[in-house]
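J.: Show me the folded form of this:
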Amino acid sequence: SEPRTETFFESRESPRKRRRYELKKQRQPWTEEEKRLFIEGLERHGRDWKAIRETLNTKTLDQIRSHAQKHFLKVENRLENGDGTS
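T.: Numbering: from 1, shown residues only. This is a model prediction of the structure:
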């Protein structure tokens, strides 16, 4: 039989192992109050997620960062579409 050749993925060694994703808190939709507190924290602290978490203690740092990413995408889309409303 022919000698077996390694595929691209078999021959590469991963430079780092991926950490297993663990759900730290049950996912809950953001309430209007949490959204308001997030915006206030963003205005007061900028992108200091830890400071925002002090105000918004119902969400983890990862949840706040994820929400911020989505928030900035929405703002960017509004600006591109000429809709400056919030």
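
J.: Tally up the residues packed near residue 55, please.
T.: For residue 55, the tally of surrounding residues (other CB atoms under 10 Å) stands at 14. The C-beta positions use only the backbone N, C-alpha and C, and glycine is treated the same way.

J.: need the contact list for it.
T.: With contacts taken as CB atoms under 8 Å, 6 or more residues apart in numbering, residue 55 has the following neighbours: 37, 40, 41, 44.

J.: one more time with 6 Å, if that's ok
T.: With CB atoms under 6 Å, 6 or more residues apart in numbering as the criterion, the residues that contact residue 55 are 37, 41.

J.: low-scoring stretches of this protein, by residue?
T.: Counting by pLDDT under 70, the chain contains low-confidence residues at 1-15, 23-25, 84-86.

J.: show me where it has helices.
T.: For the chain, helices defined by DSSP state H occupy the ranges 8-11, 32-45, 49-55, 61-80.

J.: how about those, which one is nearest residue 26?
T.: If you check each of the helices of the chain against residue 26 by CB to CB, helix 61-80 wins as the nearest, at 10.9 Å.

J.: just to revisit the earlier point, who wins for proximity to residue 22 among the helices of the chain?
T.: Closest approach to residue 22 among the helices of the chain is made by helix 61-80 (10.5 Å; CB to CB).

J.: The closest one relative to helix 32-45, how many degrees between them?
T.: Orientation check (axes from the mean of the first three to the mean of the last three CA atoms, to 10 degrees): helix 61-80 against helix 32-45 gives 80 degrees.

J.: Buried ones in helix 61-80, by neighbour count?
T.: For helix 61-80, the neighbour count (16 or more other CB atoms under 10 Å) marks 63, 64, 67, 68 as buried.
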